[in-house]
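> Just a sequence and a predicted model for now, questions to come.
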Amino acid sequence: MIDPVGALCGSCRRGIYAFDFARAWGAFKTPLKEVIHEFKYRTHFSLARPLAAHLASVYQAHPASLQADFIIPVPLHHIRQRERGFSQAFELSKYLGRAIDLEVKKGWLLRVRATKVQAGLSRRERRLNLNGAFKVPRKARLKGKSVLLIDDVFTTGATLAEAARALEQAGAPRIHGVTFARAAIPDFT
């Protein structure tokens, strides 16, 4: 794992994110970057289980900080999911849930607005691109529940932050993020 136990990046120390705690298994650079691209864009479903095993190791390394009542994957907009054929966050969540014995709540977070692809956008552009993109449906019972929010890559934190904001507004008091890779490794000094 890339981050030492207890270390937080500057953004987390300043409390700018809606989530409480986030961790990644590795740095988003070669060879992990290539593995994620194979999984995400070339639909190599066989990678979901081993990638989720790494997510499970992150969860097990931080059991108190990442404690949750259930898992919610960061969803794709239905148009992008139809194009891609699957949701990478859901596939990771499915295997992670089995490994750590947590239920996955698919459909408890929806991407209600199609957004531009985040790659190539600045931090500010990413934040604006995702503003209002997520919604929690009425069926979701989040009041007083802790959520483990799963995605494949943490780049600037804009996606996890906006998804967490929607979950927080729906009553989730604690939201933790776990991703397979983190694009920028923070300075922990």
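Thanks, I have it. Residues are numbered from 1 along each chain as shown.
> Relative to residue 41, how far out is residue 69?
As for residue 69, its distance to residue 41 is 32 Å (criterion: CB to CB, to the nearest Å). The way it works is simple: take the backbone N, C-alpha and C, and place the C-beta from them, glycine included.
> Which one's more surrounded, the two?
residue 69 (16 against 10; other CB atoms under 10 Å).
> and that one, what is it in contact with?
102, 145-147 (CB atoms under 8 Å, 6 or more residues apart in numbering).
> In those, which residue is surrounded by the most others?
Neighbour-wise, the contacts of residue 69 (other CB under 10 Å) top out at residue 147, 28 neighbours.
> Helix, strand, or coil at that residue?
Per DSSP: H, G, I helix; E, B strand; the rest coil, the secondary structure class of residue 147 is strand.
> How about stretch 42-52, which residues are buried there?
Across stretch 42-52, burial judged by 16 or more other CB atoms under 10 Å covers 47-48, 51-52.
> and the end-to-end length of it?
18 Å (CA to CA, to the nearest Å).
> quick one on the thing from earlier: just give me the closest of the buried residues of stretch 42-52 to residue 61.
residue 52 (14.9 Å; CB to CB).
> Now name the helix or strand holding that closest one.
helix 48-61 (DSSP states H and E).
> that older thread, with pLDDT and distance to residue 81 as extra columns, can I get the contacts of residue 69 in a markdown table?
Output for the contacts of residue 69, formatted as a markdown table (pLDDT from 0 to 100; distance: CB to CB, whole Å):
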| residue | pLDDT | distance to residue 81 |
| --- | --- | --- |
| 102 | 96 | 23 |
| 145 | 95 | 25 |
| 146 | 94 | 26 |
| 147 | 95 | 21 |
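> now those residues as CSV including distance to residue 27?
What follows is the contacts of residue 69, written out as CSV (distance: CB to CB, whole Å):
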residue, distance to residue 27
102, 26
145, 31
146, 27
147, 25
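> re earlier: other residues contacting the helix holding residue 52?
Contact with helix 48-61 is made by 1, 5, 23-26, 35-36, 39, 66, 88, 91-96, 99-100, 148, 150, 152, 178-180, as judged by CB under 8 Å, 6+ apart.
> Any of those buried? List them.
Counted by 16+ other CB under 10 Å, those give 23-26, 35-36, 39, 66, 88, 91-96, 99-100, 148, 150, 152, 178-180 as buried.
> Give me the secondary structure label for residue 66.
coil.
> Tell me which stretches of this protein form helices.
Under the criterion DSSP state H, the chain carries helices at the ranges 10-14, 32-41, 48-61, 78-84, 88-100, 123-130, 158-169.
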